[in-house]
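Novice: Fold the following and give me the result.
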Amino acid sequence: MRWLDHRDRIPESLRGAVIALGNFDGFHLGHQAVAGEAIRWAREQGRPSIVATFDPHPVRHFKPDAAPFRLTTLEQRQELYLAAGATAMLVFHFDGELAGTTAEDFVRVLLHQRLGAAGVVTGEDFTFGKGRGGNLSVLRDLGGEVGIEARTVAPVLDGGEPVSSSRVRTALQAGDCATATRLLTRPFAIRGVVQHGDKVGRTIGYPTANLPLEGYLRPRYGIYAVTGKVLATGQELGGAANIGVRPTFDPPKELLEPYFFDFDGDLYGQEIEVAFHHFLRPEAKFDSLDALTAQMAKDCDRARELLSARPT
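Specialist: The predicted structure is shown next:
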């Protein structure tokens, strides 16, 4: 799958594409509907289909001190867009120059001249350009002048409310994995390279694979039933994971620490992805390692039980 940069003129073979415009961070049901319409439209006309995203997220540009909130990395998005059937992913690198681009230049210079778009698909609430000066009406008017057709997709409803990234984040922050999974159509997953830690888990019979959280949204701190995938090999593992600051140990350190059942290999330096299936309990501080170990045994038993009930 091609990975395109909005600052470059795209290859001739990808000009004339239909572009799904949006941020598409979580690629939830609503995002999938917009991308799906662009992909179907492109196929009907024998054109390439491109799904766009912004990196960094515009919120990060305007509010650099905002708490972490991303639901996916660019690499995860690329895989999701490919699985949906898109020809390429387009990354709008959001910086001061892009933030200062007027709605007219966004359409005439970026979409038309640089990207050569034949059509665009957006959600109904899509805005663009300096100061959010562009909306669907502006997009249709300006696009029509340069030969770009615009289509919109209505919000996807769940329980009578629109599916949104905000709803996904709220569910995750409450430890509601079921709702997040339903809205995303897959479990929320954190990807990272396994780091060396203090190796306390190894001394008590529960070696963990320590992952930094980086720019990901922080789900509710606590213990989860998880699955892991080793990206280099595709190996899938079941386990229990702590996400939080490890209150039993000093100094506090924010980490994701999955313990994988029946696994004794070396994961250091490998990239893995940990998917959150069930919230088991909040983080807790224990008076002794024996008390912690006893609770971990209970957590692992419960995680095994829940994971074994997953559809195969």
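Novice: show me where this protein has strands.
Specialist: For the chain, the strands defined by DSSP state E occupy 2-5, 18-20, 49-54, 88-92, 119-123, 149-153, 157-158, 161-162, 189-193, 222-230, 236-244, 255-260, 271-282.
Novice: Point out the other helices and strands that the second one packs with.
Specialist: In terms of contacts (3 or more Cβ pairs under 8 Å, 6 or more residues apart in numbering; DSSP states H and E), strand 18-20 is packed against helix 29-45, strand 49-54, strand 119-123. C-beta: built from backbone N, CA, C; applies to glycine.
Novice: burial count for residue 234?
Specialist: Under the neighbour criterion other Cβ atoms under 10 Å, residue 234 is assigned a count of 7.
Novice: Of the strands of the chain, which stretch is the most buried?
Specialist: Ranked by mean neighbour count under mean count of other Cβ atoms under 10 Å, the strands of the chain are led by strand 18-20, which reaches a mean of 29.
Novice: can you pull the contacts of the nearest residue to residue 3 once chain neighbours are set aside?
Specialist: Nearest in space to residue 3, with sequence neighbours left out and distances taken as Cβ to Cβ, 6 or more residues apart in numbering, is residue 89 at 5.5 Å. Shown in contact with residue 89 (Cβ atoms under 8 Å, 6 or more residues apart in numbering): 1-4, 50-53, 74, 77-78, 81-82.
Novice: Nearest to residue 10 among those residues?
Specialist: Distance ranking of those against residue 10, using Cβ to Cβ, places residue 4 first at 5.5 Å.
Novice: And the pLDDT at that closest one?
Specialist: Note on residue 4: pLDDT of 95.
Novice: Would you confirm that it contacts residue 13?
Specialist: No: the criterion here is Cβ atoms under 8 Å, and residue 4 misses it with residue 13 at 11.6 Å.
Novice: quick one: common contacting residues for the two?
Specialist: Counting by Cβ under 8 Å, 6+ apart, no residue touches both residue 4 and residue 13.
Novice: Of all the strands of the chain, which one comes closest to residue 288?
Specialist: When the strands of the chain are compared by Cβ to Cβ, strand 236-244 sits nearest residue 288, at 17.1 Å.
Novice: So what are the sheet partners of the closest one and their directions?
Specialist: strand 222-230 (antiparallel), strand 255-260 (antiparallel) (DSSP bridges).
Novice: now it, how far from the chain's geometric center?
Specialist: Relative to its chain's centre, strand 236-244 lies at 18 Å (Cα atoms, centre = their mean, to the nearest Å).
Novice: Pipe the strands of the chain into TSV and attach distance to residue 140 per row.
Specialist: Below are the strands of the chain laid out as TSV (distance: least, Cβ to Cβ, whole Å):
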stretch	distance to residue 140
strand 2-5	24
strand 18-20	15
strand 49-54	18
strand 88-92	20
strand 119-123	10
strand 149-153	5
strand 157-158	24
strand 161-162	22
strand 189-193	37
strand 222-230	42
strand 236-244	44
strand 255-260	44
strand 271-282	39
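Novice: so which of those comes closest to residue 206?
Specialist: Closest approach to residue 206 among the strands of the chain (Cβ to Cβ): strand 255-260, 4.8 Å.
Novice: what's the closest one in contact with?
Specialist: Identification of contacts with strand 255-260 by Cβ under 8 Å, 6+ apart yields 190, 192, 197, 201, 206-213, 226, 228, 237-246, 272, 274, 296, 300.
Novice: what do you get for stretch 21-40?
Specialist: With Cβ under 8 Å, 6+ apart as the test, stretch 21-40 has contacts from 18-20, 49-54, 57-58, 70-72, 77, 80-81, 84-86, 119-123, 126, 128, 151, 153, 155-156, 158, 162-165, 168, 183-185.
Novice: any idea how far the residue nearest to residue 3 is from residue 282?
Specialist: Residue 89 is 37 Å from residue 282, where distance means Cβ to Cβ, to the nearest Å.
Novice: And stretch 169-189, end to end?
Specialist: Separation of the first and last residues of stretch 169-189 by Cα to Cα, to the nearest Å is 13 Å.
Novice: And that stretch, what's buried?
Specialist: Neighbour counts using 16 or more other Cβ atoms under 10 Å place 169, 171-172, 175-177, 179-184, 187-189 of stretch 169-189 among the buried residues.
Novice: Residue 138 reaches residue 108, doesn't it?
Specialist: No: between residue 138 and residue 108 there is no contact under Cβ under 8 Å: 11.7 Å.
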